[in-house]
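K.L.:
could you look at this predicted model? Sequence included:
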Amino acid sequence: MPTIYLLNGPNLNLLGKRQPEIYGSETLEDVECLCRDALPEGWDLRALQSNWEGQLIDWTHEARDHAAGIVINPGAFTHTSVAILDALNAYEGPVIEVHISNVHKRESFRHHSYVSSRADGVIAGLGIEGYAAGVRRVVAMEAKK
Ligand code: DQA
């Protein structure tokens with residue numbers, strides 16, 4: 001069964017409680033439900049979150065053999081992590097980068113993303129709906145193959 005890896009980075013475990021004026025009141029569980037609802041029949045989701053860069057890298061390596069696509073919100077590692085970029089560059093399927101907030105409307109240090117140079121699509125500022133759009137995009141990209 002084709003599986004999409006949904007990877008969330010640091011502090012996103014606090015979604016719903018953390019700065020709700022920026023990130024909204026929905027939780028990571030809500031994100032997972034939304035993404036499962038966006039999947040066509042016969043597709044699966046592996047939803048993972050870590051505050052540790054190395055763990056996100058290990059899951060990205062695991063995805064090489066198991067994932068039909070990756071939807072990733074690397075959190076603050078977006079702006080700092082060459083290591084996550086390298087791991088994504090070693091993955092051959094579709095990658096969609098998601099940010100809940102519009103990072104371009106925020107502090108200038110959030111305007112640069114290492115991950116964007118690998119991502120096939122970048123979604124920012126759609127709230128958690130962006131994750132579902134990412135999932136739909138991976139499915140569409142796979143259907144075109
Ligand atoms: C974020 C934006 C990042 O700048 C921030 O560090 C996050 C969340 C977003 O989803 O809007 O943790 O990726």
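P.N.:
Thanks, I have it. Numbering: from 1, shown residues only.
K.L.:
so the spatially most central residue of the chain: helix, strand or coil?
P.N.:
Ranked by distance to the mean C-alpha position of the chain (C-alpha atoms, centre = their mean), the top residue is residue 72 at 1.6 Å. Classification of residue 72 by DSSP: H, G, I helix; E, B strand; the rest coil places it in strand.
K.L.:
ok, the one 5 residues further on next?
P.N.:
Secondary structure state of residue 77, per three-state DSSP, is helix.
K.L.:
would you map the helices across this structure?
P.N.:
With DSSP state H as the criterion, the chain has helices at 20-23, 28-38, 53-66, 82-89, 129-144.
K.L.:
now the ones you listed as JSON lines including mean pLDDT and mean neighbour count?
P.N.:
Where you see a C-beta, it was placed from the backbone N, CA and C, and this is true even at glycine. Formatted as JSON lines, the helices of the chain follow (pLDDT from 0 to 100; neighbours: other C-beta atoms under 10 Å):
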{"stretch": "helix 20-23", "mean pLDDT": "97", "mean neighbour count": "12"}
{"stretch": "helix 28-38", "mean pLDDT": "98", "mean neighbour count": "17"}
{"stretch": "helix 53-66", "mean pLDDT": "98", "mean neighbour count": "16"}
{"stretch": "helix 82-89", "mean pLDDT": "98", "mean neighbour count": "17"}
{"stretch": "helix 129-144", "mean pLDDT": "95", "mean neighbour count": "18"}
